[in-house]
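Asks: Return a 3D structure for these sequence lines:
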Amino acid sequence: MKTKVLIFVLGIISPLFADASSSDLILQGEVIRYEETRAVGDALVIVESLNLRVTADAISFDREKRLLRCDGAVTVRTASGVVRSKDCVIELPPGEKRVIFSAKRNEQEQSKRRISRHFI
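Replies: Numbers count the residues shown, from 1 in each chain. Model (predicted):
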(Lines give C-alpha, C1' and ligand atoms only; values in the text may rest on other atoms or scores of the structure.)
Protein backbone atom coordinates (compact mmCIF):
# COMPACT_ATOMS: atom_id res chain seq x y z
CA MET A 1 0.00 0.00 0.00
CA LYS A 2 2.85 2.40 0.85
CA THR A 3 4.39 1.79 -2.57
CA LYS A 4 1.13 2.61 -4.36
CA VAL A 5 0.74 5.84 -2.41
CA LEU A 6 4.36 6.85 -3.08
CA ILE A 7 3.99 6.19 -6.80
CA PHE A 8 0.71 8.13 -6.91
CA VAL A 9 2.18 11.10 -5.02
CA LEU A 10 5.24 11.13 -7.27
CA GLY A 11 2.94 11.06 -10.29
CA ILE A 12 1.13 14.13 -9.01
CA ILE A 13 4.25 16.17 -8.26
CA SER A 14 6.65 14.90 -10.96
CA PRO A 15 5.73 17.65 -13.48
CA LEU A 16 6.89 20.15 -10.90
CA PHE A 17 10.44 18.69 -10.67
CA ALA A 18 11.84 20.76 -13.55
CA ASP A 19 12.85 23.80 -11.43
CA ALA A 20 13.33 22.02 -8.13
CA SER A 21 17.09 21.43 -8.05
CA SER A 22 17.42 23.51 -4.89
CA SER A 23 14.64 24.46 -2.56
CA ASP A 24 13.63 25.38 0.97
CA LEU A 25 11.80 22.97 3.23
CA ILE A 26 9.82 24.55 6.03
CA LEU A 27 9.40 21.94 8.76
CA GLN A 28 6.98 22.77 11.57
CA GLY A 29 5.64 20.84 14.55
CA GLU A 30 4.85 20.89 18.25
CA VAL A 31 8.29 19.43 18.97
CA ILE A 32 11.32 19.88 16.72
CA ARG A 33 14.21 17.42 16.87
CA TYR A 34 17.04 19.21 15.09
CA GLU A 35 19.53 16.33 15.12
CA GLU A 36 17.01 14.02 13.46
CA THR A 37 15.56 16.71 11.16
CA ARG A 38 12.15 15.70 12.52
CA ALA A 39 8.94 17.46 13.54
CA VAL A 40 6.50 15.69 15.84
CA GLY A 41 2.93 16.59 16.78
CA ASP A 42 0.74 18.21 14.13
CA ALA A 43 3.71 18.24 11.76
CA LEU A 44 3.74 20.24 8.54
CA VAL A 45 6.32 20.46 5.77
CA ILE A 46 6.18 22.94 2.91
CA VAL A 47 8.40 22.52 -0.15
CA GLU A 48 8.20 25.94 -1.72
CA SER A 49 9.64 25.12 -5.14
CA LEU A 50 7.18 22.23 -5.65
CA ASN A 51 4.13 23.97 -4.22
CA LEU A 52 3.83 20.94 -1.92
CA ARG A 53 2.31 20.87 1.58
CA VAL A 54 2.31 17.72 3.69
CA THR A 55 0.70 17.30 7.09
CA ALA A 56 1.18 14.26 9.34
CA ASP A 57 1.58 13.22 12.96
CA ALA A 58 5.37 13.23 12.49
CA ILE A 59 7.60 14.14 9.54
CA SER A 60 11.33 13.57 9.15
CA PHE A 61 13.72 14.50 6.35
CA ASP A 62 16.58 12.23 5.26
CA ARG A 63 19.08 14.56 3.61
CA GLU A 64 21.23 11.87 1.98
CA LYS A 65 18.32 10.04 0.35
CA ARG A 66 16.14 13.18 -0.13
CA LEU A 67 13.19 11.45 1.53
CA LEU A 68 10.34 12.86 3.57
CA ARG A 69 9.08 10.16 5.95
CA CYS A 70 5.55 10.85 7.14
CA ASP A 71 4.07 8.91 10.06
CA GLY A 72 0.42 8.63 11.03
CA ALA A 73 -2.45 10.17 9.08
CA VAL A 74 -0.91 11.99 6.10
CA THR A 75 -2.38 14.63 3.78
CA VAL A 76 -0.41 15.69 0.70
CA ARG A 77 -1.55 18.86 -1.07
CA THR A 78 -0.24 19.96 -4.46
CA ALA A 79 -1.50 22.30 -7.14
CA SER A 80 -3.09 19.33 -8.89
CA GLY A 81 -4.90 17.72 -5.95
CA VAL A 82 -4.98 16.18 -2.49
CA VAL A 83 -3.91 12.69 -1.42
CA ARG A 84 -4.69 11.18 1.99
CA SER A 85 -2.75 8.21 3.29
CA LYS A 86 -1.14 6.63 6.30
CA ASP A 87 2.62 6.33 6.81
CA CYS A 88 4.11 7.34 3.48
CA VAL A 89 7.50 8.25 2.03
CA ILE A 90 8.01 11.04 -0.52
CA GLU A 91 11.19 11.27 -2.58
CA LEU A 92 12.25 14.81 -3.45
CA PRO A 93 14.18 15.77 -6.61
CA PRO A 94 17.98 16.09 -6.50
CA GLY A 95 19.54 19.33 -5.35
CA GLU A 96 20.45 21.23 -2.23
CA LYS A 97 17.73 21.39 0.39
CA ARG A 98 17.77 24.10 3.04
CA VAL A 99 15.64 23.20 6.06
CA ILE A 100 13.90 25.94 8.03
CA PHE A 101 12.56 24.74 11.38
CA SER A 102 9.56 26.36 13.01
CA ALA A 103 8.32 25.23 16.41
CA LYS A 104 4.64 25.85 17.13
CA ARG A 105 5.42 26.27 20.81
CA ASN A 106 8.39 27.74 22.54
CA GLU A 107 9.09 26.13 25.90
CA GLN A 108 9.75 29.51 27.54
CA GLU A 109 6.89 31.52 26.03
CA GLN A 110 3.79 29.83 24.63
CA SER A 111 2.70 32.86 22.59
CA LYS A 112 5.90 33.38 20.56
CA ARG A 113 7.07 31.21 17.70
CA ARG A 114 10.68 30.22 17.53
CA ILE A 115 12.19 29.99 14.08
CA SER A 116 15.66 28.63 13.44
CA ARG A 117 17.51 28.32 10.16
CA HIS A 118 19.80 25.37 9.59
CA PHE A 119 21.55 24.56 6.37
CA ILE A 120 21.67 20.90 5.56
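
Asks: Could you list the low-confidence segments of the chain?
Replies: Along the chain, the parts satisfying pLDDT under 70 run over 1-22, 105-120.

Asks: and with 90 instead?
Replies: Filtered on pLDDT under 90, the chain yields the residue ranges 1-24, 34-35, 48-50, 79, 94-98, 102-120.

Asks: Walking through it, point out its helices one by one.
Replies: Secondary structure of the chain by DSSP state H: the helices cover 2-13.

Asks: Quick one: the strands in this protein, in order.
Replies: Here the chain has its strands, by DSSP state E, at 23-29, 31-33, 38-47, 52-62, 67-78, 81-91, 97-103, 114-119.

Asks: Touching, Ala39 and Leu25? I think so.
Replies: No - contact criterion C-beta atoms under 8 Å: Ala39 and Leu25 do not qualify, at 10.4 Å. Any C-beta I mention is one placed from the backbone N, CA and C, and that applies to glycine too.
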